[in-house]
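Peer 1: What follows is a predicted protein model with its sequence.
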Amino acid sequence: MPTIFTKIIRGEIPCYKVAENESHIAFLDINPVAKGHTLVVPKREIDYVFDLPDELLADTMRFAKQVAGAIDRSFNTVRTGVIVDGREVPHAHVHLVPIYKEGQSVSLKNKLSFSEQEMKQIAEAIAGEAAK
Ligand code: 5GP
């Protein structure tokens with residue numbers, strides 16, 4: 001059975017997309033821990049990130065770097081943090097968690113709530129920067 005992320009990649013489930021290329025997609029996490037919390041997902045469906053072939057893993061981090069730059073330029077971040085967990089969705093992905101103040105911890109706890117309109121605006125802002 002395809003993962004939820006494969007369904008998003010196929011367009012069967014909607015997402016707030018921020019960037020895409022032939023091999024990767026980036027969209028907002030539906031349960032964000034910070035404004036602009038983004039998931040970077042290789043389209044190839046492999047569960048464990050360290051099972052990705054070396055070149056694909058490198059491409060994932062290259063794509064994550066581009067998206068993180070777009071997040072940083074879109075909002076007043078200190079920087080963007082990276083988390084890889086993967087125990088909820090068995091499809092390799094990288095969490096990009098924007099950091100807005102020095103004391104902010106980078107974790108997947110403490111979910112925030114944004115309206116659909118806010119999520120749309122956040123995704124559009126990042127997508128706009130990513131396209132530059
Ligand atoms: P992990 O597998 O790294 O522990 O977490 C998976 C992440 O995917 C969670 O932060 C969760 O909020 C997010 N997530 C799960 N289902 C969906 C979905 O259908 N759409 C989006 N955009 N994010 C999802």
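Peer 2: Okay, I see it. The shown structure was predicted, so the numbers you read here are calculated from the model rather than taken from an experiment. Numbering: from 1, shown residues only.
Peer 1: The protein: strands as residue ranges?
Peer 2: Assigned by DSSP state E, the strands in the chain fall at 17-20, 24-28, 38-42, 79-83, 94-99.
Peer 1: Most tightly packed of these?
Peer 2: strand 38-42 (a mean of 25; mean count of other Cβ atoms under 10 Å). Every residue, glycine included, has its C-beta placed from N, CA and C.
Peer 1: What distance do you get for residue 12 to the ligand?
Peer 2: 11 Å (Cβ to the nearest ligand atom, to the nearest Å).
Peer 1: tally of neighbours for that residue?
Peer 2: Close neighbours of residue 12, defined as other Cβ atoms under 10 Å, add up to 10.
Peer 1: now this structure, which segments are flagged as low pLDDT?
Peer 2: Within the chain, no range satisfies pLDDT under 70.
Peer 1: Dump the strands of the chain into TSV; add distance to the ligand as well.
Peer 2: What follows is the strands of the chain, written out as TSV (distance: least, Cβ to the nearest ligand atom, whole Å):
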stretch	distance to the ligand
strand 17-20	9
strand 24-28	5
strand 38-42	6
strand 79-83	7
strand 94-99	6
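Peer 1: All set, thanks.
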